[in-house]
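Peer 1: After the sequence you'll find the predicted model.
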Amino acid sequence: MQIGLEQCVDHPPEVLNGARFGLLMNQASVDCHYRYACDVLAERFPGQLTAIFTPQHGLWGEQQANMIESPHGRYEPLDLPVFSLYSETRQPTSAMLSEIDCFVIDLQDVGTRVYTFAWTMLNALPACAAARLPVVVLDRPNPLGGVVAEGPLLEADYQSFVGGVSIPLRHGLTLGELASLLNHEQQIGAELHIVPMSDWRRDLLYSETGRAWVAPPPNMPRVETTLLYPGQVLLEGTNLSEGRGTTLPFEVVGAPFLNPHQLACELTAFEFPGLELRPIRFVPTFDKWHGQSCGGVALHITEPRSVRSITTTLALLAAVHKLHPREFTWLPPPYEYEQDKMPIDILFGSPRLRNQLASDTPLTSTEVTTLASLDDEAWWTRTKRWQLYE
C-alpha cells in the first residue's frame with residue numbers, strides 16, 4: 001500500500017510542476033521510512049516548498065487540547081516559516097498564502113467528526129479559492145476503515161470548530177473523500193486535486209495496513225485509541241476524566257466519586273461488542289481531577305471490527321448518571337471557541353443526549369442504541385459519489 005504522499009513522489013500531479021507550495025502537516029505526516037512530508041517533498045521538488053502550515057497541537061504535537069494554541073515558528077532543517085492554523089487565526093490569511101502557488105494538505109485524520117483536522121482543512125478551502133490557489137490533498141487511511149459509520153448527524157444550529165458540517169460522529173471517509181464532499185456540498189469552488197492511496201480498501205483498519213502508527217496529537221498514542229475516540233471524546237463535555245494525564249487517554253474513564261466495582265456491575269445491563277470492561281483506579285497527572293484518585297473502568301478491545309464506541313460511551317454516561325445524578329455534571333462553555341452552547345451539545349451534535357439524560361427515568365439499552373443511531377443507507381448514498389476506494 002502507498003499513501004498519497006508516496007504516490008505524489010512517484011507520480012506527481014501536474015499542478016505541482018514548477019509551483020511554489022505550502023504544506024499543511026504535522027509530526028504524523030510521515031512516509032513508510034518515517035521521513036516527514038516536508039523533507040520528502042522538499043527533496044522531490046527542490047526549491048518549491050516555501051511554507052509549512054500546522055493544525056491543532058502544532059507541528060510536534062506539543063500543545064494539549066481546547067484552545068491551547070500553537071505559536072508560529074520555523075522549521076530549521078529547511079529554514080521555512082511555520083504558520084500555525086490553531087492560533088490567532090484558524091484559517092490561512094492572505095499574507096500567509098501570498099508566496100505560494102498551491103496549497104498541499106497531508107494530515108492523518110482519525111475518522112471522527114469532532115477531530116479538528118478536517119475543519120482546519122475546511123477553513124483552508126475557501127481561503128485558497130479566494131486566492132485562486134489549487135489545493136492538493138495527499139490521502140491517508142481512515143484508521144477506522146471505511147465501511148462503518150456511527151452516531152447522529154450534526155444539527156445545523158450546533159456547528160463549531162469540532163463540527164463544521166452535518167456528518168456523523170464516525171464518518172467512514174478518508175480526508176481526501178471528505179475534502180471532495182465538503183468542497184461540493186458547501187459550494188466552496190476550490191480547485192481540488194486528490195492524490196489517492198494505492199491498494200487501500202475500505203474494509204481495512206489501520207492495524208491491518210502494515211504501517212506503524214505515529215500519534216497525530218499527544219493524546220492519540222495508540223492506533224487502538226482511535227477505535228474508542230468517536231465515543232469517548234464525548235467525555236470532554238463532562239466532569240468525568242477521559243484519561244488525559246494518563247498513559248491511556250480515551251481508553252479509561254473515571255472520577256473520584258465513582259466506585260469502580262459498582263460502576264462495572266451497573267454496566268452489565270448493557271452490551272459492549274468487541275470490548276471487555278475492567279474496574280480500575282487511576283490518578284491523572286494533569287487535566288480533570290489531576291492528582292486525585294479516580295474510580296472507573298478501562299476499555300479493552302477484544303474484537304476491533306465489532307467496537308461501536310459511541311454506543312459504548314452513551315451506556316457509560318447513562319450508568320454514571322443513574323448512580324450519581326448529583327455528582328455527575330456537564331461542563332460549561334467555552335469549548336473550542338464556542339462561548340455559549342454547552343460543550344456536550346456541540347460534541348454530540350445536538351442537545352438530545354443532555355436532554356435525555358436529564359429525564360428521571362434511566363436510559364435503557366434500547367434507548368442508548370437509538371440515541372447513537374444513524375441512517376446508514378442515506379449517509380452512504382450521500383457520500384458514494386466521493387468515495388475513492390472499493
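Peer 2: Looks like it came in fine.

Peer 1: Please count neighbours and contacts with C-alpha atoms only from this point.
Peer 2: OK.

Peer 1: pretty sure L173 contacts G111?
Peer 2: Yes. L173 lies in contact with G111 (CA atoms under 8 Å); the separation is 6.7 Å.

Peer 1: tell me, what's touching those two both at once?
Peer 2: Shared contacts of L173 and G111, defined by CA atoms under 8 Å, 6 or more residues apart in numbering, comprise N142.

Peer 1: what sits opposite the closest residue in space to A255 that isn't next to it in sequence in the beta ladder?
Peer 2: Nearest non-adjacent residue to A255, counting by CA to CA, 6 or more residues apart in numbering: C294, 4.4 Å away. For C294, the beta-bridge partners are F282 (DSSP bridges).

Peer 1: For C294, give me its contacts.
Peer 2: G254, A255, P256, F257, L258, R281, F282, V283.

Peer 1: who wins for neighbours among these?
Peer 2: G254 (30 neighbours; other CA atoms under 10 Å).

Peer 1: Please report how far it lies from T302.
Peer 2: Separation of G254 from T302 (CA to CA, to the nearest Å) stands at 21 Å.

Peer 1: again, but for E236
Peer 2: 25 Å.

Peer 1: Which one of these two is surrounded by more residues?
Peer 2: More crowded of E236 and T302, by other CA under 10 Å: E236, with 20 against 12.

Peer 1: What's the local residue count around the closest residue in space to Q27 that isn't next to it in sequence?
Peer 2: Once flanking residues are discounted, Q27 sits nearest to W60: 5.2 Å by CA to CA, 6+ apart. For W60, the count of nearby residues is 16 (other CA under 10 Å).

Peer 1: give me the element W60 is part of.
Peer 2: For W60, there is no host helix or strand (DSSP states H and E).

Peer 1: just checking, it touches S29?
Peer 2: No. Assessed by CA under 8 Å, W60 is found out of contact with S29, at 10.5 Å.

Peer 1: ok, back up a step: export the contacts of C294 as CSV, with columns for pLDDT.
Peer 2: Converted to CSV, these look like this (pLDDT from 0 to 100):
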residue, pLDDT
G254, 98
A255, 98
P256, 98
F257, 98
L258, 98
R281, 98
F282, 98
V283, 98
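
Peer 1: and of these, the nearest to E76?
Peer 2: Nearest to E76, judged by CA to CA, of the contacts of C294 is V283 at 37.7 Å.

Peer 1: Would you check that the closest one makes contact with G291?
Peer 2: Yes. V283 is within contact range of G291, at 5.7 Å (criterion: CA under 8 Å).

Peer 1: hang on, the earlier thing: for the contacts of C294, which one is nearest R222?
Peer 2: Relative to R222, the closest of the contacts of C294 is F282; by CA to CA it sits at 18.8 Å.

Peer 1: Identify the residue nearest the residue nearest the centre of the chain in space, chain neighbours excluded?
Peer 2: With distances taken as CA atoms, centre = their mean, Y115 lies nearest the centre of the chain, 2.6 Å away. Excluding the flanking residues, the one nearest Y115 by CA to CA, 6+ apart is V162, at 6.2 Å.

Peer 1: give the contact list for that neighbour.
Peer 2: Residues R113, V114, Y115, T116, W119, E336, I346, L347 are the ones in contact with V162 under the rule CA under 8 Å, 6+ apart.

Peer 1: Number of residues surrounding the last one?
Peer 2: Close neighbours of L347, defined as other CA under 10 Å, add up to 28.

Peer 1: Pretty sure it sits against L234.
Peer 2: Yes. Here L347 lies in contact with L234, judged by CA under 8 Å, at a distance of 6.1 Å.

Peer 1: How is this structure partitioned into domains?
Peer 2: For the chain, the structural domains run 4-217+380-386, 223-371, going by automatic domain parsing.

Peer 1: so where do the helices sit in the protein?
Peer 2: 4-10, 37-44, 94-97, 117-130, 175-185, 223-232, 260-266, 309-323, 343-348, 352-357, 365-371, 376-383 (DSSP state H).

Peer 1: want to throw these into TSV with mean pLDDT?
Peer 2: Below are the helices of the chain laid out as TSV (pLDDT from 0 to 100):
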stretch	mean pLDDT
helix 4-10	98
helix 37-44	98
helix 94-97	98
helix 117-130	98
helix 175-185	98
helix 223-232	98
helix 260-266	98
helix 309-323	98
helix 343-348	98
helix 352-357	96
helix 365-371	95
helix 376-383	98
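
Peer 1: Of all these, which one is nearest F272?
Peer 2: helix 309-323 (6.2 Å).

Peer 1: buried residues in that closest one?
Peer 2: The neighbour-count check on helix 309-323 (16 or more other CA atoms under 10 Å) flags 309-323 as buried.

Peer 1: Check stretch 131-141 too.
Peer 2: Quick answer for stretch 131-141 (16+ other CA under 10 Å): A131, L133, P134, V135, V136, V137, L138, D139, R140, P141.

Peer 1: Restricted to strands, list those.
Peer 2: V135, V136, V137, L138 (DSSP state E).

Peer 1: which one among the residues you listed gets closest to S359?
Peer 2: Nearest member of these to S359, counting by CA to CA, is V137, at 45.0 Å.

Peer 1: do you know how far that closest one is from M121?
Peer 2: V137 is 9 Å from M121, by CA to CA.
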